[in-house]
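**Q** next comes the sequence, and after it the predicted model I'd like to discuss.
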Amino acid sequence: MSIFTCYQCGLCTGICPKRLVTKYSPRRDLENTILAKDDIDLWSCLTCGLCSQYCPQGVGYLDFMREVRNAGNVDQDIIAHKSVFNLISQLMIKFPEKSSIPTDFSGEIDSKGSIGY
C-alpha cells in the first residue's frame with residue numbers, strides 16, 4: 001500500500017525495537033519522504049517488519065525502505081549490517097525475555113573479592 005495512506009498515528013514508531021535505544025522513527029522517515037525532505041535515515045531500519053505488521057493503514061514500510069535504499073544505488077559491500085541486524089531483531093522478537101539485562105538476579109555477591117582491583 002502507498003506511503004500516502006499513512007495518517008501519522010505513530011504506531012510504527014511505538015512498536016519499533018530500534019526506537020527503544022535510539023531516536024529512530026519510521027513515521028518521520030515516511031513524513032519526510034511525503035514532504036520531499038532529504039532527511040531520511042536509510043540504514044537505521046532493522047527491517048524486522050513490525051511496523052508493517054502493526055500499521056492500521058497497511059503501509060508497506062519494508063517495501064518503502066527497500067525502494068529508497070535501492071534508489072540510492074549503494075554498493076552492497078558498503079551496507080553495514082548485511083542482514084545481521086535483521087537476524088538479531090528476529091531473535092529479539094521471538095525471545096523478548098532474553099533481549100535485555102536481567103533485573104531479577106538471585107545469586108550471591110561477595111562483599112570482598114579475591115582480586116585487589
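**A** Nice, I can see it. As the structure is a computational prediction, the values presented were derived from the model and not from experiment.

**Q** give me the neighbour count for residue 53.
**A** Applying other Cβ atoms under 10 Å, we find 13 residues neighbouring residue 53. For glycine as for every other residue, the C-beta is placed from the backbone atoms N, C-alpha and C.

**Q** same question for the one 4 residues further on.
**A** With neighbours defined by other Cβ under 10 Å, the count for residue 57 comes to 16.

**Q** pull the residues that contact stretch 50-62.
**A** 1-3, 5-7, 9, 11-13, 15-17, 26, 30, 45, 47, 49, 63, 93 (Cβ atoms under 8 Å, 6 or more residues apart in numbering).

**Q** try it again with 7 Å
**A** 1, 3, 5-7, 9, 11-12, 15-17, 26, 47, 49 (Cβ atoms under 7 Å, 6 or more residues apart in numbering).

**Q** what about the nearest residue to residue 4 once chain neighbours are set aside, distance to residue 5?
**A** Leaving aside its sequence neighbours, residue 4 sits nearest to residue 34 (Cβ to Cβ, 6 or more residues apart in numbering; 6.5 Å). Distance, residue 34 to residue 5, using Cβ to Cβ, to the nearest Å: 11 Å.

**Q** reformat the contacts of stretch 50-62 as TSV; add secondary structure and distance to residue 69.
**A** Below are the contacts of stretch 50-62 laid out as TSV (DSSP: H, G, I helix; E, B strand; the rest coil; distance: Cβ to Cβ, whole Å):
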residue	secondary structure	distance to residue 69
1	coil	19
3	helix	14
5	helix	21
6	coil	19
7	coil	24
9	coil	24
11	helix	23
12	helix	17
15	helix	21
16	coil	17
17	helix	19
26	helix	14
47	coil	9
49	coil	15
